[in-house]
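Chemist: based on what follows, work out the 3D shape:
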Amino acid sequence: MTHSWPSAERLAVTVATMGVEVPCTVDAEDNRLRVTLHLPGMLSLMSGPIAAIVEKQGERLMLDDRADRTI
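Modeler: Below is the predicted model of the structure:
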């Protein structure tokens, strides 16, 4: 995984595994984060389930209250 901050509002991430690279961007907007995945060939056939996972995990991370965590 590699990442960079092209601007204060944009995170660019590339996830690579098994010879497949998936470039992503995360844009911070006023009241939400917009995640864009550029799925190659065969992975595009699974865009629905991938989008559902990204949305579910993104909501979980955004709503996570770290004050309630115990170590």
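Chemist: and the helices in the chain, which stretches?
Modeler: 47-63 (DSSP state H).
Chemist: mind listing the strands for it?
Modeler: For the chain, the strands defined by DSSP state E cover 2-7, 10-17, 20-28, 33-37.
Chemist: looking at the ones you listed, spot the one closest to residue 53.
Modeler: Counting by C-beta to C-beta, residue 53 lies closest to strand 33-37 out of these; the figure is 10.5 Å. Every C-beta, even on glycine, is put in place using the N, C-alpha and C of the backbone.
Chemist: distance to residue 62 for the strands of the chain - can I get that in a markdown table?
Modeler: Shown next, in a markdown table, are these (distance: least, C-beta to C-beta, whole Å):
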| stretch | distance to residue 62 |
| --- | --- |
| strand 2-7 | 18 |
| strand 10-17 | 14 |
| strand 20-28 | 11 |
| strand 33-37 | 7 |
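Chemist: Provide the partner residues of the residue nearest to the spatial centre of the chain in its beta bridges.
Modeler: Central residue of the chain (C-alpha atoms, centre = their mean): residue 35, 5.4 Å from the mean position. Beta bridges link residue 35 to residue 26 when assigned by DSSP bridges.
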